[in-house]
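**Student:** this one's structure only:
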Ligand SMILES: [Zn+2]
């Protein structure tokens, strides 16, 4: 099949790869990817949600840190007990129990509502907005289960979190 120049960078590209026009231009693979990334950044900036997105990401890393601290603490308690006790009992209503309950990727009702309003302000229909948020909540549930099974690597968790945050805005 014949080649054609990419309208953006001028690279000779097979017509098959150029595919359909993007914003009135035929683009090579690299330029398509670049356009998509720029579009996503622009959408996020236009909607004024970059702050919220950053805040949510910070929240996740805070939760992950507090979980790590908790695990270290449990480990230390175990070691200090001459290895005679395998499980550290957690007293009812203790601080530790509360941390467990609220840790790991928990989206509050307030956050859900504020995402809902932001999506509406971006022209997303109420039905779509609800679906998107539901998807986000579902992926959080999955992520919690994976974290619980402890078979997931830190990197995997990080990239999954990033994925489902980005999915909400694209
Ligand atoms: Zn190009």
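**Tutor:** Yes, it's here. In this text the structure is predicted, and so the values were computed from the model without any measurement.

**Student:** and the strands in the protein?
**Tutor:** Secondary structure of the chain (DSSP state E): strands at 3-5, 12-14.

**Student:** next, see if the last one gets close to the ion.
**Tutor:** This points to strand 12-14. No: between strand 12-14 and the ion, judged by Cβ under 5 Å from the ion, nothing touches; the nearest distance is 7.0 Å. No exception for glycine: its C-beta is placed from N, CA and C like everyone else's.

**Student:** returning to what we had before: adding distance to residue 119, write the strands of the chain out as a markdown table.
**Tutor:** Formatted as a markdown table, these follow (distance: least, Cβ to Cβ, whole Å):
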| stretch | distance to residue 119 |
| --- | --- |
| strand 3-5 | 38 |
| strand 12-14 | 36 |
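
**Student:** now those strands in TSV, with mean pLDDT and mean neighbour count?
**Tutor:** Converted to TSV, those look like this (pLDDT from 0 to 100; neighbours: other Cβ atoms under 10 Å):
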stretch	mean pLDDT	mean neighbour count
strand 3-5	91	14
strand 12-14	92	14
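
**Student:** any idea which of those strands gets closest to residue 52?
**Tutor:** strand 12-14 (38.0 Å; Cβ to Cβ).

**Student:** excluding chain neighbours, what is closest to residue 3?
**Tutor:** Nearest residue to residue 3 in three dimensions, chain neighbours excluded: residue 12, at 4.6 Å (Cβ to Cβ, 6 or more residues apart in numbering).

**Student:** so what's that neighbour bridging to?
**Tutor:** Going by DSSP bridges, residue 12 is paired in beta bridges with residue 5.

**Student:** for it, what are its contacts?
**Tutor:** The contact partners of residue 12, taken as Cβ atoms under 8 Å, 6 or more residues apart in numbering, are 3, 4, 5, 6.

**Student:** how close does residue 133 sit to residue 60?
**Tutor:** Counting by Cβ to Cβ, to the nearest Å, the gap from residue 133 to residue 60 is 16 Å.

**Student:** also residue 128?
**Tutor:** When distance is defined by Cβ to Cβ, residue 128 is 24 Å away from residue 60.

**Student:** quick one: which of these two has more around it?
**Tutor:** Just comparing residue 128 and residue 60: by other Cβ atoms under 10 Å the higher neighbour count belongs to residue 60, 19 against 12.
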